[in-house]
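*Asks:* generate a structure from the sequence data that follows.
(2 chains)
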Amino acid sequence: MSNQLRIVAFTAISLVIIFFVGSYAYKSYKNSEIKKMAREDKTLFEREYSYSVGSKDAKVHIVEFFDPACETCAAFHPFIKDIMKKNEGKIRLTYRYAPYHQGSDYVVKILEAARKQGKFMETLEMMFATQKYWASHHNPNPKLLWQFLPRLGLDVDKLAQDMQDPKLDKIIAQDLNDAKKLGVTKTPSYFVNTKPLQTFGYEPLKKLIYSEL
Amino acid sequence: MSKDEKIVSSSWVLLFFAWLISIIATLGSLFFSEVMEFPPCTLCWYQRIMMYPLVLILFVGLFPLDKTVFRYATPLVVVGFFFAVYHNLLHFKIIPESASPCSQGVACSTKYIDIFGFITIPMLSFVSFSVITILLYIIKNKEEKN
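*Replies:* Coordinates of the predicted model:
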């Protein structure tokens, strides 16, 4: 009997060890892949059309893949903004789209159309602030955003027209494609000077940013 | 006496393999979702619900060998088996995706891995549930003959 128990215990422990060694191996493999890709193709992190804030020659370049309907993205927005404010001129932030929620690509189109009227940040912050309303889990309805748009001083008719631009579909597809290549599966996902944020959280992100400053 | 003992121990080995499959399936599915970060779709979750408890239930059946393990392990295995069959039918496009219960989140027809054109995650699940079913059935027959 005790022999049988030994066999089972040995098998279970070996499998668990294989699991953890495998996780470690897989993660380091993925990281080296991302580094390699970053060296070969810088455009994966930032396309010509990508929206960025902060000075061009900043020492630290953060790339954020986000979804306007994602709650954690909304929660992290002021956090990063604060870090950028404290280190003015040293950080540049590029926004990339990863609209994983249903209907989020529609919201991204609103945002891109608002960008044409020079109101990207205002619109994004409004979207985050009213997120509970239009992106509720039970009944997400991005169309509810329309009532807030005129308050930002946006020309709503022009916005609706700009949203039809087929270029926007291409932008979203390209961002999603780059996200896939970089192994992004969740939002928000951060890359700081092409280094992916390993453990997700406020502190780890802060640490990663400050380690590059 | 020696004959009886042999039957017991061969049943034990069969049950051990059933348990081994369940623990490999469990750790494997956790590897896919937690390490490789493939979000599991709804059908995957139903199969997980049936597979994960088997690790513990079959373990309990091993110490000491419980000849009636078939009775309480089979309901889980059979339900898991049918979810796996359904999931595979989706993947092979025998049932259209629109008829599936996964309208939100990840589509159940999404293929994360596809080795040699037929080894997909639902296929692995199907094989695991099938083999466990067969092993449990053999154990049951053996014990009935006794």
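
*Asks:* surely A:Lys195 meets A:Lys207?
*Replies:* No - if you go by CB atoms under 8 Å, A:Lys195 and A:Lys207 don't touch, sitting 11.3 Å apart. (Glycine included, C-beta is placed from N, CA and C.)

*Asks:* which residue sits closest to B:Tyr52, ignoring its sequence neighbours?
*Replies:* Nearest residue to B:Tyr52, sequence neighbours excluded (CB to CB, 6 or more residues apart in numbering or on different chains): B:Thr26, at 5.3 Å.

*Asks:* where does chain B dip in pLDDT?
*Replies:* B:1-8, B:97-110, B:115-118 (pLDDT under 70).

*Asks:* got the residues of it near chain A?
*Replies:* Chain B comes close to chain A at residues B:12, B:16, B:19-20, B:23-24, B:27, B:30-31, B:34-39, B:59, B:62-64, B:104, as judged by CB under 8 Å from any CB of the partner chain.

*Asks:* what about 10 Å?
*Replies:* Neighbours of chain A within chain B, by CB under 10 Å from any CB of the partner chain: B:9, B:12-13, B:16, B:19-20, B:23-24, B:26-28, B:30-31, B:34-39, B:55, B:59, B:62-65, B:103-106.

*Asks:* filter those residues down to the buried ones.
*Replies:* Among the residues of chain B next to chain A, the ones that count as buried by 16 or more other CB atoms under 10 Å in any protein chain shown are B:12, B:16, B:19-20, B:23-24, B:26-28, B:31, B:35-36, B:38, B:55, B:59, B:62, B:65, B:106.

*Asks:* which residues of chain A lie near chain B?
*Replies:* A:1, A:4-5, A:7-8, A:11-12, A:15-16, A:18-20, A:22-27, A:30, A:100-102, A:137, A:140, A:183-186.

*Asks:* which ones among those residues map onto strands?
*Replies:* Among those, no member falls in strands (DSSP state E).

*Asks:* show me which of these are buried.
*Replies:* A:4, A:8, A:12, A:19, A:30, A:100-101, A:140, A:183-184.

*Asks:* for the residue positioned nearest the centre of chain A, what are its contacts?
*Replies:* In chain A, the C-alpha nearest the mean C-alpha coordinate belongs to A:Phe65, at 1.9 Å (CA atoms, centre = their mean). A:Phe65 makes contact with A:45, A:73, A:94-100, A:175-176, A:178-179, A:182, A:184-191, according to CB atoms under 10 Å, 6 or more residues apart in numbering or on different chains.

*Asks:* alright, calling it a day.
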